[in-house]
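>>> test case, fold it:
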Amino acid sequence: MKPGETFTSHGHTYEIEESGAVHQTDAQPFIYDKKYTETYNTPEYLRESELLQVLRYAYCTLAFRGRITSLLDVGYGAGQFMRFARKYTPLVYGYDVTGVQVEDCKILDFMDAAVDVVTFWDVWEHMEDHSFARDLKCNTLVISLPYCHIHTEGVEWFSNGYKHRKKNEHVYHHNPQSLENELRSLGWNLLNMPDYFEDVVRKSTHGLQNIHSAAFKR
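The predicted structure follows:
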């Protein structure tokens, strides 16, 4: 599919962005509150959460190429990654629209802390406007999000085989190339280390990679 093309899926309209990302153009405001964050405290999610946080922190360390002394986790949900990172990183900040408190971590009203690493775990796809990324004060940016295979599998797969098609909640759908394209337009360069390590925990579907992670520097 080419930039500018549109299609309809389950009554909603999507457009292919210049980057190659899929954008839900008729998205309505989605409510993120404390009740929403509780979905990350279910036994099913917590069962393998510790391993997931280990893998995520290791990936950040490899991307930063050194000891991380400060970190900002954007869209931290219930704070599982922040709690794990705090074991090894002295200064851990969080930014989330819910403002849920996380012990031993500082919750911010704005994404304005100067840190070594900023992380977006399953968050980037929820955000309508990414222009703020130009002003992030960090050395390394790490993003992990669902891998959308629409360009190889087609609209039928997107409509009926893609479990991350969540109306109004996931407003953008990326593949590795589209994510690199968008971040480059925002002033970030891809490190040579895209990965699918989260699939160890979150599993692939139908033989396709499920979660794509990438690290960027200025």
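>>> okay, the longest strand seen in the chain in CSV with CA atoms only?
Ranked by number of residues, the top strand in the chain under DSSP state E is strand 138-146. The C-alpha trace of strand 138-146 is given here as CSV (Å, rounded to 0.1, in the frame of the first residue of the first chain):
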residue,chain,number,x,y,z
CYS,A,138,17.9,12.3,26.3
ASN,A,139,20.8,10.4,24.7
THR,A,140,18.8,7.3,23.7
LEU,A,141,15.2,6.7,22.8
VAL,A,142,13.7,3.2,23.0
ILE,A,143,10.3,2.2,21.5
SER,A,144,8.5,-1.1,21.6
LEU,A,145,5.2,-1.6,19.8
PRO,A,146,3.1,-4.1,17.8
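>>> packing partners for the next helix-or-strand element following that strand?
Counting by DSSP states H and E, the element after strand 138-146 in chain order, helix or strand, is helix 150-160. Secondary-structure packing of helix 150-160 (3 or more Cβ pairs under 8 Å, 6 or more residues apart in numbering; DSSP states H and E): strand 6-9. Backbone N, C-alpha and C define where each C-beta goes, glycine included.
>>> ok, back up a step: parallel or antiparallel, list what pairs with the longest strand of the chain.
strand 115-121 (parallel), strand 211-217 (antiparallel) (DSSP bridges).
>>> figure out which of the ones you listed is closest to Gly94.
strand 115-121 (9.9 Å; Cβ to Cβ).
>>> and the helices in the protein?
34-37, 43-46, 49-64, 80-85, 150-160, 176-185, 199-202 (DSSP state H).
>>> so where's the protein uncertain?
Flagging of the chain using pLDDT under 70 yields the residue ranges 39-46, 205.
>>> distance to Phe7 for the strands paired with strand 138-146 - can I get that in JSON lines?
Below are the strands paired with strand 138-146 laid out as JSON lines (distance: least, Cβ to Cβ, whole Å):
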{"stretch": "strand 115-121", "distance to Phe7": "26"}
{"stretch": "strand 211-217", "distance to Phe7": "22"}
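>>> comparing those, which stretch has the densest surroundings?
strand 115-121 (a mean of 23; mean count of other Cβ atoms under 10 Å).
>>> and the residue of the chain positioned farthest from its centre, how close does it get to Gln24?
The C-alpha centroid of the chain is most remote from Gly11, which lies 25.3 Å away (Cα atoms, centre = their mean). Computed as Cβ to Cβ, to the nearest Å, the Gly11 to Gln24 distance reads 11 Å.
>>> likewise Leu136?
24 Å.
>>> which parts of stretch 173-188 are buried?
For stretch 173-188, a neighbour-count test (16 or more other Cβ atoms under 10 Å) marks 173-176, 178-183, 188 as buried.
>>> pick the one among these closest to Arg67.
Nearest to Arg67 among those, with distances taken as Cβ to Cβ, is Trp188, at 22.0 Å.
>>> pretty sure the closest one contacts Ala214?
No. Using Cβ atoms under 8 Å, Trp188 makes no contact with Ala214, being 9.7 Å away.
>>> how far away is Val54 from Thr61?
11 Å.
>>> so Tyr95 sits right up against Val102, yeah?
No. Under the criterion of Cβ under 8 Å, Tyr95 makes no contact with Val102, lying 11.2 Å away.
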